[in-house]
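Student: Starting from these lines, generate the structure:
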Amino acid sequence: MSEQDLVARVAELEEKLDATLKVVSKLVTALDSMRSGDPKFIFEMDLVKHSLCETGYFENKPLEE
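Tutor: As a prediction, this is how the structure comes out:
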(Lines give C-alpha, C1' and ligand atoms only; values in the text may rest on other atoms or scores of the structure.)
Protein backbone atom coordinates (compact mmCIF):
# COMPACT_ATOMS: atom_id res chain seq x y z
CA MET A 1 0.00 0.00 0.00
CA SER A 2 1.45 3.34 -1.01
CA GLU A 3 1.60 6.41 1.16
CA GLN A 4 -1.08 8.04 -0.99
CA ASP A 5 -3.37 5.03 -0.44
CA LEU A 6 -2.81 5.24 3.30
CA VAL A 7 -3.59 8.96 3.37
CA ALA A 8 -6.82 8.33 1.44
CA ARG A 9 -7.78 5.50 3.82
CA VAL A 10 -7.12 7.67 6.88
CA ALA A 11 -9.33 10.39 5.38
CA GLU A 12 -12.14 7.84 4.86
CA LEU A 13 -11.81 6.62 8.44
CA GLU A 14 -11.85 10.18 9.76
CA GLU A 15 -15.12 10.83 7.90
CA LYS A 16 -16.64 7.63 9.28
CA LEU A 17 -15.50 8.54 12.81
CA ASP A 18 -17.00 12.02 12.48
CA ALA A 19 -20.32 10.57 11.32
CA THR A 20 -20.26 8.04 14.17
CA LEU A 21 -19.63 10.75 16.76
CA LYS A 22 -22.58 12.75 15.40
CA VAL A 23 -24.82 9.67 15.75
CA VAL A 24 -23.61 9.10 19.31
CA SER A 25 -24.32 12.75 20.12
CA LYS A 26 -27.88 12.39 18.80
CA LEU A 27 -28.31 9.20 20.82
CA VAL A 28 -27.15 10.90 24.02
CA THR A 29 -29.60 13.75 23.38
CA ALA A 30 -32.44 11.27 22.85
CA LEU A 31 -31.57 9.34 26.01
CA ASP A 32 -31.45 12.56 28.04
CA SER A 33 -34.92 13.45 26.73
CA MET A 34 -36.21 9.99 27.56
CA ARG A 35 -34.77 10.16 31.06
CA SER A 36 -36.39 13.53 31.70
CA GLY A 37 -39.76 12.30 30.41
CA ASP A 38 -39.80 14.55 27.36
CA PRO A 39 -41.98 12.95 24.66
CA LYS A 40 -39.78 14.37 21.88
CA PHE A 41 -37.32 11.52 22.57
CA ILE A 42 -39.35 9.43 20.11
CA PHE A 43 -38.57 11.92 17.34
CA GLU A 44 -34.93 12.07 18.43
CA MET A 45 -34.63 8.26 18.37
CA ASP A 46 -36.03 8.32 14.84
CA LEU A 47 -33.27 10.76 13.90
CA VAL A 48 -30.73 8.37 15.41
CA LYS A 49 -32.13 5.51 13.33
CA HIS A 50 -31.92 7.57 10.13
CA SER A 51 -28.40 8.67 10.98
CA LEU A 52 -27.37 5.05 11.53
CA CYS A 53 -28.80 4.17 8.12
CA GLU A 54 -26.96 7.04 6.45
CA THR A 55 -23.63 6.00 7.97
CA GLY A 56 -24.13 2.37 6.95
CA TYR A 57 -24.44 0.85 10.41
CA PHE A 58 -28.08 -0.10 10.07
CA GLU A 59 -30.28 -1.05 7.16
CA ASN A 60 -33.74 0.45 7.04
CA LYS A 61 -35.67 -2.64 6.01
CA PRO A 62 -39.44 -2.95 6.25
CA LEU A 63 -40.75 -5.45 8.75
CA GLU A 64 -41.45 -8.83 7.22
CA GLU A 65 -44.92 -10.20 7.76
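
Student: The spatially most central residue of the chain and Phe43: what is the separation?
Tutor: Central residue of the chain (Cα atoms, centre = their mean): Val23, 3.2 Å from the mean position. Applying Cβ to Cβ, to the nearest Å, the value for Val23 to Phe43 is 15 Å. All C-beta atoms are positioned from the backbone trio N, CA, C, and that covers glycine.

Student: for the helix or strand encompassing Glu15, what is the average pLDDT?
Tutor: Following DSSP states H and E, the helix or strand that holds Glu15 is helix 3-36. Helix 3-36 comes out with an average pLDDT of 94.

Student: Packing partners of it?
Tutor: helix 41-55 (3 or more Cβ pairs under 8 Å, 6 or more residues apart in numbering; DSSP states H and E).

Student: Tell me what angle the helix it packs on forms with helix 3-36.
Tutor: Helix 41-55 runs at 170 degrees relative to helix 3-36, counting by axes from the mean of the first three to the mean of the last three Cα atoms, to 10 degrees.
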